[in-house]
Each structure stands twice: as structure tokens, then as C-alpha cells.
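Trainee: the sequence and its predicted three-dimensional model are supplied below.
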Amino acid sequence: MAADGSPVGGAAPGEGAAFFDLDKTLMQGSSAFQFARAAYRNGLLSRRRLAADAWANTRFRLRGATDEDSLALRQRIATGLSGSRVLDLQRLGPDVLAGVLPRLYPRMLAVAHAHQDAGRRAYITTAASQELAEILARVISFDGAIGSELSEVVDGVYTGRVTGLFAYNTGKADAIRELAAREGLDLDQCYAYTDSVSDLPMLEAVGHPVAVNPDRALAAIARERDWELMRLDRLGRQMKTGIALVGAAAAGGVASAALASRRG
């Protein structure tokens with residue numbers, strides 16, 4: 001692989017694929033927050049819940065998500081959907097994409113398109129909903145998507161009961177293996193890109209794992225195993241710089257005050 005993360009050479013067409021996690025890998029932050037913003041604008045979510053989701057999104061960009069966070073989010077989304085029509089959620093699609101598309105990393109799209117040009121298919125592989133994943137995959141010219149089921153559906157209405165595939169941790173890796181078996185892909189010729197140690201099973205399932213904006217635990221594993229590392233999200237660095245500048249300004253203010261008192 002080249003230094004910028006793009007593939008070099010490649011398998012013959014149809015033999016390999018590249019699997020891309022969505023949140024903090026293909027895009028800045030969380031697609032769930034963009035879903036929450038769209039739901040709020042359409043009267044399906046409270047301002048208080050949106051504020052909580054905004055803070056959770058910032059923490060996610062800085063520290064990643066824990067298993068408890070992810071499982072709790074899935075349960076909360078499923079419960080919140082109880083009684084809602086599937087059609088109403090589908091109508092949020094354009095609004096959600098309006099938030100997601102500007103946050104896609106151009107560099108990651110270039111990597112994905114380079115894989116396709118090398119004869120590999122590109123798939124979004126995310127714990128976000130299958131519907132969102134499929135829509136986004138079509139818009140950015142990927143070959144397909146693996147996503148999660150949000151809730152059980154009866155007569156076009158969400159029941160709020162968690163059911164079906166949760167494309168997270170081992171569930172995501174199992175879904176990749178199933179797709180590979182179905183499509184005749186050679187996993188040793190496949191690539192996987194993700195940010196979280198929770199996706200370690202996904203990275204271990206392929207021959208070419210890549211850690212993108214990795215959390216601390218995944219970064220340590222990637223260095224130990226000599227995996228490719230890509231860092232694109234600068235929020236943490238920007239916040240550290242901002243804190244340093246604020247500290248310097250405060251120190252400067254104190255020094256100026258001390259100097260003025262001496263002159264007085």
C-alpha cells in the first residue's frame with residue numbers, strides 16, 4: 001500500500017474487496033448525530049435529546065465509542081422508533097445525507113475509488129441503518145453496503161423491539177464473511193478500514209487491515225502488528241491547540257496585569 005493509504009497493484013477483478021466503516025472512517029463524527037438532526041428538524045426528536053446527541057458526537061470524535069455506548073444507542077433508537085412508520089424514516093434520507101455528505105473525507109473516497117480502479121469492490125460496512133448505508137453507497141458510487149436493522153417492523157410500523165443484524169463487533173465481521181462467501185470474494189485479498197477497536201474482528205477477517213483515525217486501543221494494536229495507520233480527523237489536535245492558546249492568552253493577561261501594577 002502507498003504511503004497515502006491508496007492501494008498499489010491489486011487482485012484480479014472480482015477476487016478482492018474493500019470494506020469501509022462509516023463513522024469516523026469515511027466521515028467526520030457520527031452518522032447517528034446527522035440522523036438525530038434530521039429527526040429534530042422534522043419534529044421527531046426533542047431539542048434536549050439533540051443536545052445530548054451533539055455532545056455524544058464530540059466525545060465520539062475525540063475518544064471513540066465503547067461497546068456499552070453502541071449497544072445503548074441501538075436500544076435507544078429502536079425504542080424511540082416505536083410506533084413510527086417506516087415511510088417517515090425513509091423520508092428523512094435526503095436530510096440525513098445533507099449532513100453526512102459534506103463530512104466525508106475526500107482522501108477516503110479517493111482510496112475507495114482507487115480500489116475500484118484496481119478491480120476491487122467497495123462496500124460501506126457500518127452499525128448505522130441498512131437503509132442509510134445503501135442510500136449513501138449509491139450516492140458515492142460504492143458497490144454495496146452492510147448495515148444494521150433498526151427495529152422490528154410490523155405492517156410498515158416500527159415496534160421498537162431490537163431484532164436482526166447489528167453490524168457491530170463480531171456481527172460486522174460475520175456479515176463480511178457471509179458477503180464474501182456469497183460473492184466469491186477472497187478475504188485474503190480484501191482490505192478493511194475502521195477507527196475502533198470494537199471492529200478488531202473486521203480487521204482480522206481480511207488480509208489487509210487499515211486503522212483510520214484509530215482510538216487509543218486500536219492504535220496500539222496497529223503499531224504492534226505493523227498495520228497501516230491513517231489519521232484524518234484533526235478535532236483533538238485543534239482542541240489541544242485551542243486550549244494552549246487560551247492558556248497562553250491567560251498567562252499573558254496575568255503578566256500584563258502584574259507589569260501594570262508595578263508601573264502603578
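Mentor: Thanks, I have the structure now.

Trainee: list the buried residues for stretch 22-39?
Mentor: Residues 22-39 are the ones in stretch 22-39 that count as buried (16 or more other Cβ atoms under 10 Å). Every residue, glycine included, has its C-beta placed from N, CA and C.

Trainee: typo on my end, stretch 115-134
Mentor: Judged by neighbour count (16+ other Cβ under 10 Å), stretch 115-134 contains these buried residues: 115-116, 118-134.

Trainee: next step: those residues restricted to helices.
Mentor: Secondary structure from DSSP state H places 115-116, 130-134 of the buried residues of stretch 115-134 in helices.

Trainee: nearest to Arg91, out of the residues you listed: which one, please.
Mentor: Nearest to Arg91 among those, counting by Cβ to Cβ, is Glu131 at 11.1 Å.

Trainee: in this structure Leu200 contacts Leu218, no?
Mentor: Yes: counting by Cβ atoms under 8 Å, Leu218 is a contact partner of Leu200 at 7.1 Å.

Trainee: higher neighbour count, those two?
Mentor: Between Leu200 and Leu218, counting by other Cβ atoms under 10 Å, Leu218 is the more crowded of the two (24 against 18).

Trainee: ok, now which ones touch that one?
Mentor: Contacts for Leu218 (Cβ atoms under 8 Å, 6 or more residues apart in numbering) come out as 64, 194-197, 199-200, 211.

Trainee: let's see 7 Å
Mentor: Neighbour list for Leu218: 195-197, 211 [criterion: Cβ atoms under 7 Å, 6 or more residues apart in numbering].

Trainee: and the helix or strand harbouring it, what's buried?
Mentor: Per DSSP states H and E, Leu218 falls inside helix 216-225. Judged by neighbour count using 16+ other Cβ under 10 Å, the buried positions of helix 216-225 are 218-219, 221-222.

Trainee: what's the farthest-apart pair in the ones in helices among the buried residues of stretch 115-134?
Mentor: His115 and Glu131 (24.1 Å).
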